Structure formats: structure tokens, C-alpha cells
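Asks: The sequence and its predicted three-dimensional model are supplied below.
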Amino acid sequence: MKCLTLTDTEAPPASTATEVRLPLGILGFEQLTDYLLVANPGEEPFLWLQVKDEAALAFVVVNPFIVAPDYHPDLPQADVDFLGISDPEDVALFNIVTLHAGGRATVNLKGPIAINRHTMVGKQVVLANAADYPVEHPLPVSGAEP
Amino acid sequence: MLILSRKAGETIVIDGRIKVTVMRVDGEAVKIGIEAPANVPVHRQEVYDEIQHSNKRALTRQKIALPKLSGRHNQPGNLGPVEAQTQKHS
């Protein structure tokens, strides 16, 4: 009989939380500037952008390149400067997902949240090519909340 | 709010570098030309309104079960591989 010890099994995947600061908040929520980016196992590719001091308030976000492979966001130079980005590798993009009644889900491709990976400071930017993308890009989902 | 009267073909200069020209007045519609440096974002107000409205709809106020994404997609890391482009626009 084999006796299983903890070292015999892989550690269960854990949730991760990363602090993110959005000094200008999110459009419509300018006063909310400090967040935790939370990734829970089993919820991929979705993550939570959770208000740091009010965990009940959160946005569901997703890496847009997973759900929109043809996405070519053009970040305005003013935002690139604001975030201190000097290389495309410096930036992580997360787009806000809306869960609608009836199980429909959409993602906002006009206004991604761009985060400097090194400083973890971000901003919801209005893309220079915002006109090319919808604010409600449909996501193929199943098992959503009614 | 500063209010100025301008005729078609006349221009307003902001900060010495942004030119707003009334191109044409056609009934209720005014065609406006804007010359601004590439690092000055110029958008219709509606874009901001649309994103703001979307954000308000998207905010969740309680922990909810997330849907499953169907179809093929890459498994991201915590921050995911991001191929963001920061190309300059002219």
C-alpha cells in the first residue's frame, strides 16, 4: 500500500492577488483607485479586479487577446507616457467583462485597462482606434449566472 | 465655459497647438476640423459616455459564479502573455 504524503501530491492551485493602482480610477468610478487583481483557479481566463478596501465591489476582467485574437489596440501616446511604458512588453491589458441577465457576457474592447507590469500602475484608456471596436463584444460563454 | 462665435472657415486655437476649425454649418450639423498633436487624444464625448455606462453595468456588488468560456482559447498565466501594441498614431 502506498502511503500518500503531502509531498507526493501537487499543491492545489492557489488564488493569487496582485495590487494594482489606477490613479485616475475607472471611468464613472474615479474615486476608486486601489484594486486587487485576483486570479482564482477554475475561473480562467477571467480574473477579478476587486476594489481593495471593499472586496464586494469588483469588475470581471479578461486578457483581450484570448477572446479577441484580432485585437489591435492603439494606445494613445499620452497614456503610454502617463504609464511610463517604453516597450510593448511593459504593458498588460485587461478588458472589463459585463455579465448580462440571461447568461450573456460581453467584453469592452473600446476602453481596456492598461497596466505597467513593473509598477502595477494602470489606467482605463480610450483607444485611439476605439471606433474600430465595440463596447459590448460578445463572449461565447456557458454556465453564467441567470 | 468660454463661448465664442465663429463662422464657417474660422478657427479657434487652444494652447497654441490645437486648432479647431468650423468647416461647414449645415442646418443642425456643424462639421468641425481638429488639428492636434498626435499625443493629444481627441474623441467624441459619446465614447467616454459609452465606456462609463458599460463600466457601471459591469460592476458586480457580490460574489457571483463566473461563466465558462466555450471554444478554444489560450490558458493565460496570472497576468497572461500580452502582445499589446503601443504603436503611435499619426
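Replies: That came through fine.

Asks: And the strands in chain B?
Replies: B:11-14, B:18-26, B:29-35, B:68-69 (DSSP state E).

Asks: which residue is nearest the centroid of chain B?
Replies: Closest residue to the average C-alpha location of chain B: residue B:43 at 4.3 Å, with CA atoms, centre = their mean.

Asks: quick one: low-confidence ranges for chain A?
Replies: A:1-12, A:143-146 (pLDDT under 70).

Asks: what's the closest of the strands of chain B to residue A:67?
Replies: Closest approach to residue A:67 among the strands of chain B (CB to CB): strand B:68-69, 7.0 Å. For glycine as for every other residue, the C-beta is placed from the backbone atoms N, C-alpha and C.

Asks: Just checking: what are the partner strands of the closest one?
Replies: Strand pairing for strand B:68-69, using DSSP bridges, gives strand A:141-142 (antiparallel).

Asks: In chain B, which residue sits nearest chain A?
Replies: residue B:67 (3.4 Å; CB to the nearest CB).

Asks: If you tally nearby residues, what's the number for the closest residue to residue A:117 other than its chain neighbours?
Replies: Closest residue to residue A:117 apart from its sequence neighbours, by CB to CB, 6 or more residues apart in numbering or on different chains: residue A:92 at 5.2 Å. With neighbours defined by other CB atoms under 10 Å in any protein chain shown, the count for residue A:92 comes to 23.

Asks: So residue A:92 sits against residue A:118, correct?
Replies: No. Contact criterion CB atoms under 8 Å: residue A:92 and residue A:118 do not qualify, at 10.2 Å.

Asks: hey, which of the strands of chain B is tucked in deepest?
Replies: Across the strands of chain B, averaging neighbours per residue (mean count of other CB atoms under 10 Å in any protein chain shown) puts strand B:68-69 on top, at a mean of 18.

Asks: rewinding a little: can you redo the strands of chain B as TSV with distance to residue A:74?
Replies: What follows is the strands of chain B, written out as TSV (distance: least, CB to CB, whole Å):
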stretch	distance to residue A:74
strand B:11-14	23
strand B:18-26	20
strand B:29-35	17
strand B:68-69	25
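
Asks: can you tell me which of those comes nearest to residue A:99?
Replies: Going by CB to CB, the one of the strands of chain B nearest residue A:99 is strand B:68-69, 12.3 Å.

Asks: quick revisit: how about TSV for the strands of chain B, with mean pLDDT added?
Replies: TSV is the format used below for those (pLDDT from 0 to 100):
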stretch	mean pLDDT
strand B:11-14	96
strand B:18-26	96
strand B:29-35	96
strand B:68-69	88
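
Asks: Can I take it that residue A:75 is in a strand?
Replies: No. Assigned with DSSP: H, G, I helix; E, B strand; the rest coil, residue A:75 falls outside any strand and is coil.
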